[in-house]
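Undergrad: Can you look at this prediction? I've put the sequence above it.
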Amino acid sequence: MVDTVLFEFLHTEMVAELWAHDPGPGGQKMSLSVLEGMGFRVGQALGERLPREMLAFREELDVLKFLCKDLWVAVFQKQMDSLRTNHQGTYVLQDNSFPLLLPMASGLQYLEEAPKFLAFTCGLLRGALCTLGIESVVTASVAALPVCKFQVVIPKS
Amino acid sequence: MSRPAQRRPEYHKINKDLFVLTYGALVAQLCKDYEKDEDVNQYLDKMGYGIGTRLVEDFLARSCVGRCHSYSEITDIIAQVAFKMYLGITPSVTCNNSSKNEFSLILDKNPLVEFVEELPAGRSSLCYCNLLCGIIRGALEMVHLAADVTFLQDRLKGDSVTEIGITFLKKQDEKKYRRKK
């Protein structure tokens, strides 16, 4: 069975469709949060499907490493390219060739459109973290396609 | 990070689940946005159409199928090559009429509904998998074939099987050349 093709096409169509409902400026935030919410549900469900032995993490950094390696490989057939942290709950995950941005363009073209294509994945990360017992806020930024950075902030309890 | 990614067998399942789960989240969202089942069905079909028009290129690139000479051949390829490639299932094909332009795909297994036990309350007319109809319709249109594609039977609605009906339509420009009298 072909890997992510169907998902990638569905994702593109979803981004286009959910945007069409609310064309006005107030609509943009609504659609980003809808996409993020859908990603969250899927991330939670995927998190529940992970093999049990993966879930015995010693510390927070192990969980993030797991997301960068195992989850990213399972979902996008590649590892995250870099992971940085300030060791105080903020992590920056960088993907130098993010598959959902690759078919669009490279460089600065379509930079404004890029956030729409990252919302779902931000939710996916937040949902997977949630299943692993971690509350977080995940945002993404793009300086030039297809490189993107996901910022995960885990508030200190 | 420098260790090469090991493709564990569990990942394959997660990858398959990704599409199915995302689709489920989409249907749930559309049900929130639209009260009427017909509207949700229509949107799923429309989105499927958009996907189909692009998926067909991917399919032709991967499968190298040759030119088809009949609607029957095309339907066989949809069932035995395309469905197998993208969803891992092979629906059986039946021809429903003597003019050989109406066919049915009978889906014994349907991965899209793997996590669906039953339709939500008050959603008895929902065609949960309507995306598939749109995909087939969009793909066929890209190869210059017009068709009506709908669900004839649906296990989620209590039928014994899930059946997709494909009716190939005469193209507008297929009228025979007419001499002016």
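TA: Happy to help now that I have it. Since this is a predicted model, take the numbers as computed values, not measurements. Residues are numbered from 1 along each chain as shown, chains lettered A, B, ... in the order given.

Undergrad: Which stretches in chain A count as helices?
TA: All helices of chain A, identified by DSSP state H, fall at A:5-21, A:25-48, A:60-66, A:72-76, A:119-131.

Undergrad: So which of those is nearest B:Gln29?
TA: helix A:25-48 (5.9 Å; CB to CB). (Glycine included, C-beta is placed from N, CA and C.)

Undergrad: How much space separates the residue nearest the centre of chain B from A:Glu60?
TA: The centre of chain B sits closest to B:Leu132, judged by CA atoms, centre = their mean, with a distance of 2.4 Å. With distances taken as CB to CB, to the nearest Å, B:Leu132 is found 42 Å from A:Glu60.

Undergrad: where does the chain have low pLDDT?
TA: Answering for chain A, as no chain was given. A:1-3, A:20-30, A:51-55, A:105-107, A:157 (pLDDT under 70).

Undergrad: meant chain B, my bad for not saying
TA: Along chain B, the parts satisfying pLDDT under 70 run over B:1-10, B:171-181.

Undergrad: near chain B, which residues of chain A show up?
TA: Residues of chain A lying close to chain B (CB under 8 Å from any CB of the partner chain) are A:1-7, A:9-11, A:13-14, A:16-18, A:21, A:34, A:37-38, A:41-42, A:45-46, A:49-51, A:68-70, A:73-75, A:77-83, A:120.

Undergrad: one more time with 6 Å, if that's ok
TA: On the criterion CB under 6 Å from any CB of the partner chain, chain B has as its neighbours in chain A the residues A:1-3, A:5-7, A:9-10, A:13-14, A:17, A:38, A:41-42, A:45-46, A:49, A:51, A:73-75, A:79.

Undergrad: Now, of these, which are buried?
TA: When the residues of chain A next to chain B are checked for burial by 16 or more other CB atoms under 10 Å in any protein chain shown, the buried set is A:2-3, A:5-7, A:9-10, A:13-14, A:17, A:38, A:41-42, A:45-46, A:73-75, A:79.

Undergrad: Helix or strand: which one has the residue nearest to the centre of chain B?
TA: Following DSSP states H and E, one finds B:Leu132 within helix B:130-142.

Undergrad: So what angle separates the directions of that helix and helix A:5-21?
TA: Taking axes from the mean of the first three to the mean of the last three CA atoms, to 10 degrees, one finds helix B:130-142 and helix A:5-21 inclined to each other by 100 degrees.

Undergrad: Could you list the buried residues of helix B:130-142?
TA: For helix B:130-142, by 16+ other CB under 10 Å, it's B:Asn130, B:Leu131, B:Leu132, B:Cys133, B:Gly134, B:Ile135, B:Ile136, B:Arg137, B:Gly138, B:Ala139, B:Leu140.

Undergrad: Is it correct that the fourth one is in contact with B:Val149?
TA: Spelled out, it's B:Cys133. Yes - using CB atoms under 6 Å, B:Cys133 makes contact with B:Val149 at a distance of 4.3 Å.

Undergrad: just to revisit the earlier point, closest one to chain A out of the buried residues of helix B:130-142, please.
TA: Top of the list for closeness to chain A, among those and by CB to the nearest CB, is B:Leu131 at 7.8 Å.

Undergrad: if I pick that closest one, what's in contact with it?
TA: By CB atoms under 6 Å, 6 or more residues apart in numbering or on different chains, the contact set of B:Leu131 is B:Leu44, B:Gly48.

Undergrad: now do A:Pro146
TA: Residues in contact with A:Pro146 (CB under 6 Å, 6+ apart) are A:Ser97, A:Phe98, A:Leu101, A:Leu102.
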